[in-house]
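1. coords please:
(one chain, ligands or ions: 2)
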Amino acid sequence: MTKEAIIERLKEKGLNITSPRLAIIDVLVEDGHFHPGASHIYREAKKRHRSLSLSTTYATIHEFIRHGIIKALEFDGKENRFEGNLDEHINLICERCGKIIDYKAPISVDRLDVAKTTGFVITSNRWEYYGYCRDCIKNLNSATPTGELRKRHS
Ligand SMILES: [Zn+2]
Ligand SMILES: [Zn+2]
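-> Numbering: from 1, shown residues only. Ligands and ions are numbered 1, 2, ... in the order given. A predicted model of the protein is given here:
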């Protein structure tokens, strides 16, 4: 997901390209794997636009959602996360660090076929897999004294 693509969406919806909005878009697209929460967006966007307030950050995020420019991912008991990738994809969610990585779905569901065969009309979807990211696996492995275990068993 590129910055240009999101700016294009703003223009389509008739939203002005303001400096606070650009700062927030920057955070949403930087490291396209991250799916930031509002507090991260605020912290990082404020570095780019000094006078940004938390309430402007929230207002802008909600405006983007309302216009279908970004999507919110809600989690029980955890901060909501936001993403600009509106294509059908799988979110790979790390249970340890909370990182969310986009993975292109190998198949896509034909919504017309779903409606035809079941009468069910899909309005939105969430596709998530839970596990551990590469960094966390690396950290877990180095924290486990496998060498010690091996010594004791031999
Ligand atoms: Zn992780
Ligand atoms: Zn995603």
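2. near ligand 2, which residues of this structure show up?
-> Taking CB under 5 Å from the ion as the criterion, the chain approaches ligand 2 at residues Glu83, Asn85, Asn91, Asp102. No exception for glycine: its C-beta is placed from N, CA and C like everyone else's.
3. and the least confident of those residues?
-> Least confident entry in those, by pLDDT: Asn85, with 89.
4. count of neighbours near that residue?
-> Using other CB atoms under 10 Å, the number of residues around Asn85 comes to 19.
5. Find the residue closest to the residue at minimal distance from the centre of the chain in space, skipping its chain neighbours.
-> Note on the chain: the residue nearest the mean C-alpha position is His35, at 2.4 Å, using CA atoms, centre = their mean. Spatial nearest neighbour of His35, chain neighbours left out: Ile100 (3.9 Å); criterion: CB to CB, 6 or more residues apart in numbering.
6. Now do the longest helix along the chain: which elements does it pack against?
-> Using DSSP state H to define each element, the chain has its longest helix at helix 54-66. Counting by 3 or more CB pairs under 8 Å, 6 or more residues apart in numbering; DSSP states H and E, the packing neighbours recorded for helix 54-66 are helix 19-29, helix 38-48, strand 71-75, strand 78-83.
7. show me the contacts for Arg21.
-> For Arg21, the contacting residues are Leu10, Leu15, Thr60, by CB atoms under 8 Å, 6 or more residues apart in numbering.
8. so which of those comes closest to ligand 1?
-> Each of the contacts of Arg21 was checked against ligand 1 using CB to the ion; the closest is Thr60, at 27.7 Å.
9. and the residue lying closest to that closest one once chain neighbours are set aside, how far is that from Lys116?
-> Distance criterion CB to CB, 6+ apart; nearest residue to Thr60, sequence neighbours excluded, is Ile24 at 5.3 Å. Distance, Ile24 to Lys116, using CB to CB, to the nearest Å: 40 Å.
10. about what we covered before: quick check: beta-bridge partners of the residue nearest to His35?
-> Ile93 (DSSP bridges).
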